[in-house]
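*Asks:* Predicted model and sequence follow; I will ask about them next.
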Amino acid sequence: MAGSSRVLLVDCPACARKTEYSPANRWRPFCSERCKRIDLGAWASEQYRIAGAPLDPTDPAEAGTEPATGAPPSSKQVH
């Protein structure tokens, strides 16, 4: 198939419009900058979540806070 080029069309994850999935589409897999930003906003506002085991709220390592203060973990490294 030398010389023939096939265009791969995919559905935009944000609006479902057909869009070209190639280096020519700078927003791929989205159809536009707007759709890309909408998707980023959904991640930032925690509308999307990655499934996993529930966290144990009594375990400070899983809660992401220091046990006594409730403050974020310190950046000090313990050797």
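*Replies:* Arrived safely, thanks for sending.

*Asks:* what's near enough to touch Ala14?
*Replies:* Contact partners of Ala14, counting by Cβ atoms under 8 Å, 6 or more residues apart in numbering, are Phe30, Cys31, Cys35, Lys36, Ile38, Asp39. All C-beta spots, glycine's among them, are computed from the backbone N, C-alpha and C.

*Asks:* residue contacts, the fifth one?
*Replies:* Right, the one you point to is Ile38. For Ile38, the contacting residues are Ala14, by Cβ under 8 Å, 6+ apart.

*Asks:* and it, helix, strand or coil?
*Replies:* Secondary structure assignment for Ile38 (DSSP: H, G, I helix; E, B strand; the rest coil): helix.

*Asks:* Tabulate the CA atom coordinates of stretch 15-30 in CSV.
*Replies:* What follows is stretch 15-30, C-alpha atoms only, in CSV (Å, rounded to 0.1, in the frame of the first residue of the first chain):
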residue,chain,number,x,y,z
CYS,A,15,-18.0,16.1,22.5
ALA,A,16,-18.0,12.9,20.5
ARG,A,17,-17.4,14.7,17.2
LYS,A,18,-15.3,12.8,14.7
THR,A,19,-11.7,14.1,14.6
GLU,A,20,-8.5,13.1,12.9
TYR,A,21,-6.0,11.2,15.1
SER,A,22,-2.7,12.3,13.6
PRO,A,23,0.2,14.6,14.3
ALA,A,24,-1.6,17.2,12.2
ASN,A,25,-4.3,17.5,14.9
ARG,A,26,-2.4,19.4,17.7
TRP,A,27,-5.3,18.7,20.2
ARG,A,28,-5.5,14.9,19.6
PRO,A,29,-7.4,12.9,20.8
PHE,A,30,-9.6,16.0,21.2
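
*Asks:* what residues does that stretch touch?
*Replies:* 7-14, 31, 33, 35-36, 39.

*Asks:* The contacts of Ala14, buried ones only, as a PyMOL selection?
*Replies:* In PyMOL, this line selects whichever of these come out buried by 16 or more other Cβ atoms under 10 Å:
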select buried, resi 30+31+35+36+39
